[in-house]
Each structure stands twice: as C-alpha cells, then as structure tokens.
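Colleague: Got a predicted model here, sequence first, then my questions.
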Amino acid sequence: MKIAVMLAGSGVYDGSEIYETTLTLLNLDQAGVSVQCMAPDIPQAHVINHLTGEEMPGEQRNVLIEAARVARGEIIDLADADPAEYDAVIVPGGFGVAKNLCDFAFRADAMAIHPGVQSFIQAVHKAGKPVGLICIAPTMAVRLFGEGTLCTIGTNEDVAGAIERMGGKHKVCPVDELVVDEARKLVTTPAYMDAGRISEAAVGIEKLVAKVIAMA
C-alpha cells in the first residue's frame with residue numbers, strides 16, 4: 001500500500017500544521033504503509049511570523065520548499081505525482097491548506113481549489129480510493145466531491161456554516177472522533193480546529209489514518 005500525504009508548506013499559520021503532519025506520518029509508518037509526501041511548487045499566499053502571528057510584508061517563500069522541511073526532504077512536486085500510483089491521499093491541516101492549496105481563508109464559501117490539488121485528489125477519489133482530510137482541510141470537501149458531501153471540522157460554527165452554504169453536510173464532531181462519508185470514501189477529523197493539546201489531536205488522527213487504511 002502506498003499513500004500520498006499532501007502538504008501546504010511548513011507552519012500552522014501559513015503552511016501545514018507540523019504536529020498534524022508528524023502524527024499522520026507516524027501513524028502511517030507504524031502501520032507499515034509506504035508514504036510519499038508531495039506539495040505544489042507555488043509561492044505561498046503570504047508568510048506569517050510564527051512568534052508574533054503577524055504577516056511579514058515582502059517575505060516570499062515557496063510551498064514545496066517549505067513543505068520539504070517537514071518531510072525531511074523526502075517530497076515530490078505535486079505536478080509530477082501520478083494519482084494511479086497511490087491507494088489513498090491524506091491532507092493534514094494548517095492554515096496553509098486554506099491559503100495555498102485553496103483560498104478558503106480569503107474567500108470563504110466562494111473559495112476555489114488550486115487546479116493541481118483538485119485534479120490529483122479527484123483522480124484518487126474517482127478511482128474509488130479513500131481520502132482523509134484533517135482540521136481545516138475539509139473546507140475543500142464540497143468543491144472536491146460535490147453537494148451533499150458529509151464532513152466535519154469539529155465545532156466551529158463559522159467554518160461549518162461556510163461548508164453548508166457550499167452545499168455540504170457538516171456534522172459536529174469531538175476532537176477525538178471522526179466522520180466518514182461512506183459513499184464518497186471521505187474521512188475527516190477536527191484535530192487542531194478544536195484540540196488544545198497534541199495528545200487530543202493525536203487520537204482523532206490515529207483513528208483517521210486507521211480508517212483510511214481500512215478503506216483502501
């Protein structure tokens with residue numbers, strides 16, 4: 001089995017959430033699954049100082065290069081990835097997902113997904129393979145899988161409302177659980193949308209990884 005892990009940079013505020021990414025990779029490795037990290041070779045929407053939380057005007061970074069930090073260099077350009085080679089895809093959260101892989105952070109329910117991201121995930125889905133979306137990543141679900149898609153981001157009413165305005169079905173979910181759209185083979189969990197501690201995020205992510213593997 002080989003699973004794709006799609007990244008959006010490095011760091012919670014402008015890239016992939018590092019704890020969520022690490023927990024995903026750890027659980028996949030413990031399950032004996034082959035993993036390939038990938039990210040689009042594009043500029044970040046912006047760069048955030050993670051010490052202050054403030055934007056850094058004039059600073060420019062690349063999503064693929066930053067994601068390579070988290071992947072320890074073991075990463076490929078999304079444009080070079082063949083969906084047919086993978087049994088599933090998992091997207092950890094972090095606001096880089098909502099800023100770089102799509103523009104939900106800026107446009108909410110008027111959002112669009114980066115074309116390369118959309119085509120890869122949809123190709124995996126159309127082949128009948130499962131998709132796991134963590135934290136803020138389920139905001140892409142309706143655009144990926146169509147109206148009526150069932151997913152969760154936990155308990156955030158504003159984000160849940162945006163998902164429902166796009167035509168999705170949001171289910172409130174505790175941080176240590178997951179929601180499965182069986183028809184679409186979509187698995188989602190809140191992670192740091194609601195987690196206050198890494199141990200809280202870990203429980204739901206472990207369950208999501210196990211479910212994705214079981215459905216693959």
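Modeller: Structure received.

Colleague: Show me where the protein has its helices.
Modeller: 18-30, 63-70, 95-96, 104-107, 115-126, 141-145, 157-165, 198-215 (DSSP state H).

Colleague: Can you give the distance of the longest one from its chain's centre?
Modeller: Relative to the centre of its chain, helix 198-215 is centred 13 Å away, using C-alpha atoms, centre = their mean, to the nearest Å.

Colleague: likewise stretch 125-133?
Modeller: 13 Å.

Colleague: Excluding residues flanking it in the chain, which one is nearest residue 120?
Modeller: The shortest distance from residue 120 to any non-neighbouring residue, by C-beta to C-beta, 6 or more residues apart in numbering, is to residue 83 (5.4 Å). Using the backbone N, CA and C atoms, a C-beta is placed for each residue, glycine as well.

Colleague: Report how many residues lie close to residue 128.
Modeller: 9 (other C-beta atoms under 10 Å).

Colleague: With the one 3 residues further on instead?
Modeller: As a burial measure, residue 131 scores 27 neighbours (other C-beta under 10 Å).

Colleague: how about it, what does it touch?
Modeller: 88-91, 121, 124-125, 144, 184-187, 212 (C-beta atoms under 8 Å, 6 or more residues apart in numbering).

Colleague: cool, residue 13 as well?
Modeller: 48, 50, 53, 94-96.

Colleague: Select from those the one having the most neighbours.
Modeller: residue 94 (32 neighbours).

Colleague: quick one: furthest residue from the center of this structure?
Modeller: The C-alpha centroid of the chain is most remote from residue 58, which lies 26.8 Å away (C-alpha atoms, centre = their mean).

Colleague: one step back: for the helices of the chain, which one sits closest to residue 42?
Modeller: helix 63-70 (5.2 Å; C-beta to C-beta).
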